[in-house]
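Give me the fold of what follows.
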Amino acid sequence: MRLEREQPFNRMMLLVSLMGVVVMSSYLLTTFANTETLKTEWRLSFAGADEFFQTGQAIDFHLFLEDEVGNPVENVDMSVVFDRPDTVHQIEKTFGYLENGLYETEVVFSVPGTWIAMVEAKKDGNYYRNQILFQVDGSIISEANRDPKDSFHLNQPLPEDLQIELNNIPVFRR
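I've put the predicted structure just below:
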């Protein structure tokens, strides 16, 4: 009788062990099979690097993406997060592909100052990330004229330069 009681326990341990091996194997396969490769040799060129952008205007934001030998990288999924340091801003956009490695998105900036564009491009398990700093001039734009994806609002803590500009608007006094 003693042998009969030990057999079901051994089978149960064997079954639990096999299930653990199957679960761990499937986890490892999905983790390592979906790895993406960072492409550090790709290059991003900003078509408006020498320009000053104006607040309140719809701007066609153009970027060129090239591989390590200077050939255009075509048909990537390119996205960007525009951010102005010191304010709660986050404008997320997706680029459309035009031709020869040229990508475009439209954006309306509502606040002047130094902005940063955090760009990510993905294609065939490869990805590329880069940042671009640029200048925006003009005055603070009303909510009705802002980009629909702009998260800026006046109830947040604002840096001193924006506080001064808001207080110079005759109809707006905090």
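
CA atoms for contacts and neighbours, from now on please.
OK.

Flag every buried residue along stretch 38-54.
Residues of stretch 38-54 classed as buried: 39, 42-44, 53-54 (neighbour count, 16 or more other CA atoms under 10 Å).

pLDDT, distance to Glu106 and secondary structure added to these, as CSV?
Shown next, in CSV, are the buried residues of stretch 38-54 (pLDDT from 0 to 100; distance: CA to CA, whole Å; DSSP: H, G, I helix; E, B strand; the rest coil):
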residue, pLDDT, distance to Glu106, secondary structure
Lys39, 75, 26, coil
Trp42, 87, 23, coil
Arg43, 87, 21, strand
Leu44, 87, 18, strand
Phe53, 89, 12, strand
Gln54, 91, 13, strand
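
from the residues you listed, which is closest to Leu102?
Leu44 (10.0 Å; CA to CA).

And the closest residue to that closest one other than its chain neighbours, how close does it get to Thr114?
Counting by CA to CA, 6 or more residues apart in numbering, Leu65 is the residue found nearest to Leu44 once chain neighbours are left out, at 4.7 Å. Per CA to CA, to the nearest Å, Leu65 is found 23 Å from Thr114.

Could you do Met12 as well?
Taken as CA to CA, the span from Met12 to Thr114 is 65 Å.

the more surrounded of those two?
When neighbours are counted by other CA atoms under 10 Å, Thr114 comes out ahead of the other of Met12 and Thr114, with 14 against 11.

coming back round to it: could you dump the buried residues of stretch 38-54 into a markdown table and include distance to Ala121?
Below are these laid out as a markdown table (distance: CA to CA, whole Å):
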| residue | distance to Ala121 |
| --- | --- |
| Lys39 | 10 |
| Trp42 | 10 |
| Arg43 | 11 |
| Leu44 | 10 |
| Phe53 | 23 |
| Gln54 | 26 |
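
And the helices in the chain?
2-33, 160-167 (DSSP state H).

Val111 touches Glu143, doesn't it?
No - look at Val111 against Glu143 with CA atoms under 8 Å: they stay out of range, at 10.9 Å.

So those two - more neighbours on which side?
More crowded of Val111 and Glu143, by other CA under 10 Å: Val111, with 23 against 14.

who's in contact with that one?
55, 136-141 (CA atoms under 8 Å, 6 or more residues apart in numbering).

the domain parsing of the protein - what is it?
The chain is divided into the following domains under automatic domain parsing: 1-35, 38-167.
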